[in-house]
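K.L.:
give me the fold of what follows.
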Amino acid sequence: MEESRASIWDAGHRLTTIGLLTLVTLIAFEAMAVGTAMPTAVDELDGVAWYAWPFSAFLVTSIVGMVVGGEVGDRRSPRPGVLAGVLVFAAGLLVAGLAQHMAVLVLGRAVQGLGAGVVIVLLYVIAGQAYSAELRPRLFGAFAAGWVLPALVGPLAAGLVTTHVGWRGVFLGLLPLVGAGLALLLSAAPDVAPEGVDGDRRSNAFWALLAGAGIATLQYAAQRLDVVSPGLALVGAAALAAGLRRLLPRGTVRARPGIPAVVACRGLAAGAFFGMDALLPFVLTQQHGWSAATAGLPLTAGAVGWVVAAQLQGRRPDVPRRRVLRAGFLLLALGLVASAATAVPALGGWPAYLTWGVAGVGMGLAMPSVGVLLLDQSPEAERGANSAALQISDVTGSALCVGLSGLLVAGAADGGGDLAPAVLLAVAVLSIPAIVGARVAGRTVPPGQEAPAAATTLAAT
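P.N.:
Sure thing, here's the model as predicted:
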C-alpha cells in the first residue's frame with residue numbers, strides 16, 4: 001500500500017516537482033510574454049522589417065535543442081544537460097534583454113530557443129526516472145497547469161512590465177526565477193545515467209535544423225502570398241519532410257501501434273487545437289467587432305477547461321490512458337465543430353465561451369495522457385529520443401495548422417466580405433486531425449501490451 005500513498009508532493013518528490021514546474025512555467029511564461037513585448041522592442045530598435053525573425057529563430061533552434069536534449073538524455077544523466085540547457089536559456093534572456101540592435105535580439109531569441117528545447121525534453125526524461133507510472137498522470141496534469149496558466153496571466157503581466165519597466169524587463173526579470181528553479185531541480189532530481197546506451201548513435205542535429213528551417217520557410221511563404229510563395233512553400237515542405245523522416249519514429253505518419261501512434265497523436269491534438277486557438281480572436285474581432293481584450297476571453301475559457309481536466313485525469317491513474325486520450329480527442333472535435341457557430345453573425349460570437357471551454361477540456365485529457373503513454377512504453381535508453389520526437393510533433397503540428405488556418409481566412413479578410421464561409425472551411429479542416437486522433441488513440445498501445453501501467457501497480461498493492 002505504500003506505493004498507492006505516494007504523491008508528487010511527498011517528501012521524496014516535492015523538491016523535484018517544484019523544480020520541474022518552475023522551469024516549465026518560466027519557459028511557458030516567456031513564450032507567452034514575448035509576443036506582448038515584441039512590438040515595443042521592434043519599435044525601439046527600429047526593426048519593423050525584422051518583426052517575424054525573433055519568433056522564427058526561436059522555433060528553428062528549439063527543434064535543434066529538442067534533438068540535442070533527447071540525445072543527451074539517452075546517453076548520460078539528465079542533470080548536467082538540464083544545467084547546460086538552463087544556462088543557455090538564461091544567456092539568451094540576457095542577450096535579448098541587453099540588445100541594442102534587432103540582429104542581437106534575434107540572436108538572443110535563437111539562443112533561448114536552443115536552451116528551451118534542451119530543457120523541455122530533459123524534463124520528460126527526469127519525469128520518467130523520478131516518478132512511478134502511478135504518479136505520472138498527476139505530474140503531467142501539473143505540467144499542463146504550468147503551461148496553460150501563463151497563457152492566462154502572461155500577456156497581462158508582460159504588458160504591465162513593458163509599460164512601467166520597459167520591454168527589456170520581460171527578458172531580464174526572469175533570470176533570478178530561472179536560477180531558483182534550476183537550484184531546486186538539481187538538488188533533488190535523480191543523477192542516473194540510462195542503461196543500454198547505444199554509443200554509436202549518430203546525432204540528428206542537422207536534420208533538426210533542416211526541419212526547423214522548413215517550418216520557418218513555410219510560414220514565410222504563407223505571409224508573402226505572392227508569386228514567389230509557391231516556390232518557397234515547396235522548398236520548405238521538402239526540407240520539413242526530409243528532416244521529420246529522420247526525427248520521428250518510423251511509422252509515425254501511418255500511426256503504427258505503439259510509440260509512433262503516440263507521437264502522431266501529439267501532433268494531431270496540438271495542430272487541431274492551436275490552429276483554431278489562433279484563429280478565434282481574429283474571427284471575433286473581424287466578424288463581430290469585439291475589442292482585442294474581449295476577444296481573448298474565450299481563450300481563457302479554453303485554458304481553464306484544460307487545467308481543470310488535466311487535474312481530474314491525474315486523480316484516476318487506474319483508467320487506461322488510451323481511453324482518456326480518445327475521450328479527449330472526441331471532446332476536442334466537439335469543441336471545434338461547435339466553434340463554427342462563432343462565425344454566424346446573428347449569434348454575435350458568444351458561443352465561443354462554451355465551445356472553446358469544451359475544446360480545452362479535451363486537451364486537458366489528451367495531452368497528459370500522451371505524455372504518460374510515451375514514458376510507459378519507452379525503454380530507459382530511448383526516453384530522450386522519444387520525448388524529443390513528441391515535442392517536435394507538437395511544434396510541427398501547431399505551426400502547420402496555425403499557418404493553414406490563417407491562410408484559409410486571409411483572402412476573405414482582405415476582401416472585406418463575410419468571413420463565415422472561410423471560417424466554416426477552416427473549422428472543417430481543423431476538425432479532421434481531432435477526428436483522426438480519436439481513431440488513432442486506440443493504436444497508442446500495441447496489441448497484447450497492457451496500457452495502464454498505473455492500474456497494474458494499484459492492483460498489486
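K.L.:
pull the contacting residues for the residue nearest the centre of the chain.
P.N.:
Nearest to the mean C-alpha position of the chain, by Cα atoms, centre = their mean, lies residue 394 at 5.6 Å. The neighbourhood of residue 394, defined by Cβ atoms under 8 Å, 6 or more residues apart in numbering, consists of 266-267, 270. Where you see a C-beta, it was placed from the backbone N, CA and C, and this is true even at glycine.
K.L.:
ok, these vs residue 232, which is closest?
P.N.:
Proximity of the contacts of residue 394 to residue 232 (Cβ to Cβ) peaks at residue 267, which lies at 22.6 Å.
K.L.:
which members of the contacts of residue 394 occur in helices, if any?
P.N.:
266-267, 270 (DSSP state H).
K.L.:
can I get the residues you listed in a markdown table with pLDDT?
P.N.:
Listed next are these as a markdown table, based on pLDDT from 0 to 100:
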| residue | pLDDT |
| --- | --- |
| 266 | 96 |
| 267 | 95 |
| 270 | 94 |
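K.L.:
quick one: which of the residues you listed is nearest residue 316?
P.N.:
Top of the list for closeness to residue 316, among the ones in helices among the contacts of residue 394 and by Cβ to Cβ, is residue 266 at 20.9 Å.
K.L.:
in this protein, what helix or strand scores lowest on average pLDDT?
P.N.:
Among the helices and strands of the chain, helix 453-460 carries the lowest confidence by mean pLDDT, DSSP states H and E, at a mean of 39.
K.L.:
what's the nearest residue to residue 396 if we skip its chain neighbours?
P.N.:
In space, and not counting its chain neighbours, residue 396 is closest to residue 267: 6.0 Å by Cβ to Cβ, 6 or more residues apart in numbering.
K.L.:
for residue 215, give its distance to residue 208.
P.N.:
Residue 215 sits 11 Å away from residue 208, going by Cβ to Cβ, to the nearest Å.
K.L.:
overlap in contacts of the two?
P.N.:
Shared contacts of residue 215 and residue 208 (Cβ under 8 Å, 6+ apart): residue 63.
K.L.:
which one is residue 35 nearest to, not counting chain neighbours?
P.N.:
Closest to residue 35 by Cβ to Cβ, 6+ apart is residue 155, at 7.2 Å.
K.L.:
the one you found - how many residues pack around it?
P.N.:
18 (other Cβ atoms under 10 Å).
K.L.:
centre of the chain versus stretch 240-254, how much separation?
P.N.:
Distance of stretch 240-254 from its chain centroid, counting by Cα atoms, centre = their mean, to the nearest Å, is 18 Å.
K.L.:
now stretch 112-123
P.N.:
12 Å.
K.L.:
how far off centre is the longest helix along the chain?
P.N.:
The helix spanning the most residues in the chain, taking DSSP H as the definition, is helix 383-415. From the chain centre to the centre of helix 383-415 is a distance of 10 Å (Cα atoms, centre = their mean).
K.L.:
what segments of the stretch 1-150 of the chain are helices?
P.N.:
14-44, 53-75, 78-97, 102-130, 136-164 (DSSP state H, counting those that start in this stretch).
K.L.:
out of the ones you listed, nearest to residue 297?
P.N.:
When the helices of the stretch 1-150 of the chain are compared by Cβ to Cβ, helix 136-164 sits nearest residue 297, at 10.5 Å.
K.L.:
in that closest one, what counts as buried?
P.N.:
Using 16 or more other Cβ atoms under 10 Å as the test for burial, helix 136-164 gives 136-152, 154-155, 157-158, 161-162.
K.L.:
packing partners of the next helix-or-strand element following it?
P.N.:
Counting by DSSP states H and E, the next helix or strand C-terminal to helix 136-164 is helix 168-172. If you count contacts as 3 or more Cβ pairs under 8 Å, 6 or more residues apart in numbering; DSSP states H and E, helix 168-172 packs onto helix 14-44, helix 78-97, helix 136-164.
K.L.:
so what touches helix 168-172?
P.N.:
Here helix 168-172 makes contact (Cβ under 8 Å, 6+ apart) with 30, 33-34, 36-37, 41, 93-94, 96-98, 108, 158, 161-162.
K.L.:
stretch 276-288 now?
P.N.:
Under the criterion Cβ under 8 Å, 6+ apart, residues 290-292, 294-296, 298-299, 302, 336, 339, 342-343, 345, 348-349, 352, 356, 359, 402, 405-406, 409, 413, 418-420, 423, 426-427, 430 lie in contact with stretch 276-288.
K.L.:
repeat that for stretch 239-246.
P.N.:
So stretch 239-246 is contacted by 204, 207-215, 217-218, 252, 392, 396 (Cβ under 8 Å, 6+ apart).
K.L.:
and if we set it to 10 Å?
P.N.:
63, 67, 202, 204, 206-218, 252-253, 267, 389, 392-393, 396, 399-400 (Cβ atoms under 10 Å, 6 or more residues apart in numbering).
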